[in-house]
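Chemist: Dropping a prediction and its sequence here:
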Amino acid sequence: MVFFKKPYTLRRYSLPVYIKGHASVPYQDMQFLMDVQTEEDTVKMDADGAKSGQKLKVFCDSPLLVEDAERQQKADRLWFQEKWFACQNSRLSENTMLRHYTAAFVECPDQEAPPGSEPQTQEI
């Protein structure tokens, strides 16, 4: 289903690797065709006050990965409007001929460097 989709950068993380006792997470920045729609902002209260963040609804033909603590898999990140967003949930919708994945993304509180500006690994 390519009706409203445009190419967006998706950062997909691999499982952690350990080199000389240090863990790092390799990743790959890829282009995916997606329909990205903005939703309401979220407000999170903490000791420093209120912090707002943006939510996105995403439609895609490919599966999107969410955080999996047991496998140590980091969630996919989406580069949208000069910010990174983390995949919170993703489900397959196949109740029509327009089979696709629907996902929710939230703005990452700790922003990484933009696509193409750093090595393809992240220290943890």
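Modeler: Sure thing, it's come through. Residues are numbered from 1 along each chain as shown.
Chemist: Which residue would you name as the spatial centre of the chain?
Modeler: R77 (2.3 Å; Cα atoms, centre = their mean).
Chemist: In contact with the nearest residue to that residue once chain neighbours are set aside, which residues?
Modeler: The shortest distance from R77 to any non-neighbouring residue, by Cβ to Cβ, 6 or more residues apart in numbering, is to R11 (4.1 Å). No exception for glycine: its C-beta is placed from N, CA and C like everyone else's. R11 makes contact with 27-30, 76-79, 84, 112, 115 under the criterion Cβ atoms under 8 Å, 6 or more residues apart in numbering.
Chemist: R11 and S93: what is the separation?
Modeler: Going from R11 to S93 by Cβ to Cβ, to the nearest Å gives 24 Å.
Chemist: looking at it, L15 is touching D68, isn't it?
Modeler: No: contact criterion Cβ atoms under 8 Å: L15 and D68 do not qualify, at 9.7 Å.
Chemist: Listing partners with orientation, what would you give for the top strand by length along the chain?
Modeler: Looking across the chain with DSSP state E, the single longest strand is strand 22-46. Strand 22-46 has the following strand partners under DSSP bridges: strand 6-13 (antiparallel), strand 17-19 (antiparallel), strand 49-60 (antiparallel), strand 121-123 (antiparallel).
Chemist: Generate a markdown table for these, with mean pLDDT as supplementary columns.
Modeler: Formatted as a markdown table, the strands paired with strand 22-46 follow (pLDDT from 0 to 100):
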| stretch | mean pLDDT |
| --- | --- |
| strand 6-13 | 95 |
| strand 17-19 | 86 |
| strand 49-60 | 86 |
| strand 121-123 | 61 |
